[in-house]
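Colleague: My questions are about this predicted structure, shown below with the sequence.
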Amino acid sequence: MLTAIGDVMRECYRRGWITTRDGNCSVRKTKDNKIFITPSGVRKNLIHPEYIERIKILEGGEFLKIEEDENPSGELEMHWQLLRNARSTRCVLHVHPTNIIAAMYAGWDLEKLSKQFPEVHRYTRVGPNVPVLPAVSRELADATSKSFGLVGGRVVYDVVGQGNHGACAVAANPWDAFEHIERLEHICQIVLTSGVRPCNMFV
């Protein structure tokens, strides 16, 4: 699983979904007392298992213990909200795909847009857009959890777009999370290439 985190981050970089130090990925295995998360500010195209931070979950499962020498992603709060009460192994992947961000910037509601494309809607549940909020903020973490429909550890959706910022996906492993973003990125590219505007589709 840790090798997959690095492989996915390198593929995201190769596709231009992140620049060198952008993006983050985390995993919590079923009932594990720690989460694995990419470090802050490290070149994600060079991520290897030994670079992944291992953050301990305190007894009771509600809080994390970050040691002085640990340097987890600045988006740790967003990851923790989505991992904390997960009932099985879950991965959270957050990157900055160009076409997803561009589509939201152009005014597209990604949840409605995805329903126009059966091959996406069939395999990937796209949630409501997250509004424009500061990166690495509690507000962004809270709004992202809300867009996922997070209740008691369960999520309604697989991926959400974050206004002017990126996309976040959840799945059982890094590659499945990657595929949710890949499908959404593909249809956003198609729509942007078509030149169709949101006002012409949803009236």
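Modeller: The structure has been received and is ready for your questions.

Colleague: Please make it C-alpha for all contacts and neighbour counts, starting now.
Modeller: Fine.

Colleague: Apart from its chain neighbours, what residue comes closest to P134?
Modeller: L140 (6.5 Å; Cα to Cα, 6 or more residues apart in numbering).

Colleague: Could you look up the SS state of the one you found?
Modeller: Three-state call for L140 (DSSP: H, G, I helix; E, B strand; the rest coil): helix.

Colleague: okay, it: pLDDT?
Modeller: Here the pLDDT value assigned to L140 is 98.

Colleague: Please tell me I have it right and it contacts N129.
Modeller: No. Shown here, L140 and N129 do not form a contact pair, counting by Cα atoms under 8 Å, at 11.6 Å.

Colleague: Torsion angles phi and psi at the residue nearest to the spatial centre of the chain?
Modeller: Among the residues of the chain, C168 comes closest to the average C-alpha position under Cα atoms, centre = their mean, at 2.0 Å. Dihedral angles of C168 (phi, psi; degrees, to the nearest 10) stand at phi -130, psi 130.

Colleague: Report how many residues lie close to the residue nearest to it when sequence neighbours are not counted.
Modeller: Counting by Cα to Cα, 6+ apart, H94 is the residue found nearest to C168 once chain neighbours are left out, at 4.4 Å. Number of residues near H94 (other Cα atoms under 10 Å) recorded here: 29.

Colleague: try the one 4 residues further on
Modeller: When neighbours are counted by other Cα under 10 Å, T98 registers 19.

Colleague: Count the residues that sit near the nearest residue to it once chain neighbours are set aside.
Modeller: Counting by Cα to Cα, 6+ apart, T98 lies nearest to W17, which is 6.2 Å off, once chain neighbours are set aside. W17: 25 surrounding residues under other Cα under 10 Å.

Colleague: Check D69 and give its pLDDT.
Modeller: What the model reports as pLDDT for D69 is 88.

Colleague: where does it land in three-state SS?
Modeller: Classified using three-state DSSP, D69 is coil.

Colleague: And the contacts of the helix with the most length in the chain?
Modeller: Counting by DSSP state H, the longest helix found in the chain is helix 174-194. For helix 174-194, contacts defined as Cα atoms under 8 Å, 6 or more residues apart in numbering pick out 1, 4-5, 8, 25, 27, 91-93, 97-100, 103, 114, 117, 120, 124, 126, 158-159, 167-171.

Colleague: Pull out the buried members of those.
Modeller: Buried by 16 or more other Cα atoms under 10 Å: 1, 5, 8, 25, 27, 91-93, 97-100, 103, 114, 120, 124, 126, 158-159, 167-171, out of those.
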